[in-house]
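>>> With the sequence up front, the predicted model follows.
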Amino acid sequence: MSVKLNTRQVGDVSVVDVAGRITLGEGSSALRDALRDMVTKNQKKILLNLGDVSYIDSSGIGELVSGFTTVTNSGGQLKLLNLTKRVKDLLQITKLYTVFDVHEDEAGAIRSFA
Amino acid sequence: MRDPARHESETVERFLDSTLDSVDHAEELAVAVAQRAGFDEEELLKIGMAVRESMVNAVVHGNRYNANKRVRFSVVKNSERFTIRIADEGDGFDYEQLPDPLAQENLLRGSGRGIFLIRSFMDELEVRRLEPGGMEFIMVKYMGPK
């Protein structure tokens, strides 16, 4: 399986449940397209739930960073939820863990956008 | 007692097309050999990711998906070292001049982390230019106990 993205609205926050592999090709481009689409639709509060991400490579990490930059530059906020150990480790060794606002609890993450 | 598989040698060599399918194939091949060599899950993941990043570099940046160019991929395991070589036929690049992805000014760049991850995951990484063209990544994991 490559990647599956399901978007749901919780109040004014768009929660994107990401599952599968975020790697060069279909996985990373799907994430890029989804985030650009939300920015185009003026959705300013985006929460990426990465709890079911089984694998991510440097291209996937690059898409997270590019998405963060795109959303921030458009005046919005992009936050991360439920990092697996694998994704957390990769964000830590690339020094990106502190760049993102990372949450382990969805309700808390939603409240943090207020 | 040490796993006897750790003392056997094994060599796998392939000439792969410049496609993303080859990236998956090389990762699977390397992980299968590493599994037979007795590496644990954590090390298998690191080896797989290092191969993936190196293959992406060869296919995308080296050979630029050129159907006329191949990626030479090999895994050699002996009692001391697990060595993966990945060579492309591209124009090459200056390894010493690559920007540091951990530098503050590069942190938010959308690319440029692949080789850093390979260095993080493997015990040794050598990157060298080939004649008449191309780059070769030589990645090593030590077989003995850490």
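The structure has been received and is ready for your questions. Bear in mind that the values here come from a model prediction, so they are computed numbers and not experimental data. Numbers count the residues shown, from 1 in each chain, chains lettered A, B, ... in the order given.
>>> Give me the most central residue, chain A.
The centroid of chain A falls nearest to residue A:48 when counting by C-alpha atoms, centre = their mean (3.4 Å).
>>> Wasn't that one part of a strand?
Yes: the assignment for residue A:48 is a strand, going by DSSP: H, G, I helix; E, B strand; the rest coil.
>>> Check which helix or strand residue B:51 maps to.
helix B:41-56 (DSSP states H and E).
>>> Show me what that helix is in contact with.
A:23-24, A:57-59, A:86, B:16, B:20, B:22-23, B:26-27, B:30-31, B:34-35, B:39, B:71, B:73, B:82, B:84, B:86, B:114-115, B:117-118, B:121-122, B:137, B:139, B:141 (C-beta atoms under 8 Å, 6 or more residues apart in numbering or on different chains). Backbone N, C-alpha and C define where each C-beta goes, glycine included.
>>> Is chain A within reach of stretch B:19-37?
Yes: contact of stretch B:19-37 with chain A (C-beta under 8 Å from any C-beta of the partner chain) involves B:20, B:23.
>>> Flag every buried residue along that stretch.
Counting neighbours by 16 or more other C-beta atoms under 10 Å in any protein chain shown, one finds that the buried residues in stretch B:19-37 are B:20, B:22, B:23, B:25, B:26, B:27, B:29, B:30, B:31, B:33, B:34, B:37.
>>> Farthest pair within those residues?
B:20 and B:37 (26.1 Å; C-beta to C-beta).
>>> hang on, the earlier thing: as TSV, the buried residues of stretch B:19-37 with secondary structure and pLDDT would be great.
Formatted as TSV, the buried residues of stretch B:19-37 follow (DSSP: H, G, I helix; E, B strand; the rest coil; pLDDT from 0 to 100):
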residue	secondary structure	pLDDT
B:20	helix	94
B:22	helix	97
B:23	helix	96
B:25	helix	97
B:26	helix	98
B:27	helix	97
B:29	helix	98
B:30	helix	98
B:31	helix	98
B:33	helix	96
B:34	helix	97
B:37	coil	94
